[in-house]
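Student: task: produce atomic coordinates for the following.
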Amino acid sequence: MTVTATEFKTNVGKYLDLIAKEDIFITQNGKLIAKVVNPQISAVDSLRGMLKDVSSDIELDSLREERLLKYENNV
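Tutor: Residues are numbered from 1 along each chain as shown. Purely as a prediction, here's the structure:
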């Protein structure tokens, strides 16, 4: 979810509750200035939420394998 800095400040309690479900992107003057995330949600879960159009057959093992391959190629 994307909100303005003013909206976030005005309704911080509401957005703190929403962070349990999704990341909050904060903008100011049309520019992204912050991303507020729930530390209890893994990065993989966060990415799955952003990839709504991708089929649900994305598996954790395949994501790990891809990340390790990228790491090995950069070392």
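Student: dump the residue contacts of residue 5.
Tutor: If you count contacts by CB atoms under 8 Å, 6 or more residues apart in numbering, residue 5 has them with 26, 27, 28, 33, 34. In short, each C-beta sits where N, CA and C put it, glycine included.
Student: please redo it, this time with the cut-off set to 10 Å
Tutor: 26, 27, 28, 29, 33, 34 (CB atoms under 10 Å, 6 or more residues apart in numbering).
Student: find the nearest non-adjacent residue to the last one, please.
Tutor: Pointing back at residue 34 there. Once flanking residues are discounted, residue 34 sits nearest to residue 26: 4.2 Å by CB to CB, 6 or more residues apart in numbering.
Student: for the one you found, report the pLDDT, please.
Tutor: Here the pLDDT value assigned to residue 26 is 95.
Student: next: the one 10 residues further on.
Tutor: Per-residue confidence at residue 36 stands at 90 (pLDDT).
Student: assess the claim that it and residue 23 are in contact.
Tutor: Yes - with contact defined as CB atoms under 10 Å, residue 36 counts as touching residue 23 (6.8 Å).
Student: anything in contact with each of those two?
Tutor: Counting by CB under 10 Å, 6+ apart, the residues touching both residue 36 and residue 23 are residue 1.
Student: just the strands in the chain please.
Tutor: Taking DSSP state E as the criterion, the chain carries its strands at 2-4, 24-28, 31-36.
Student: would you turn the ones you listed into CSV with mean neighbour count and distance to residue 12?
Tutor: Formatted as CSV, the entries for the strands of the chain read as follows, by neighbours: other CB atoms under 10 Å; distance: least, CB to CB, whole Å:
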stretch, mean neighbour count, distance to residue 12
strand 2-4, 14, 10
strand 24-28, 16, 10
strand 31-36, 11, 10
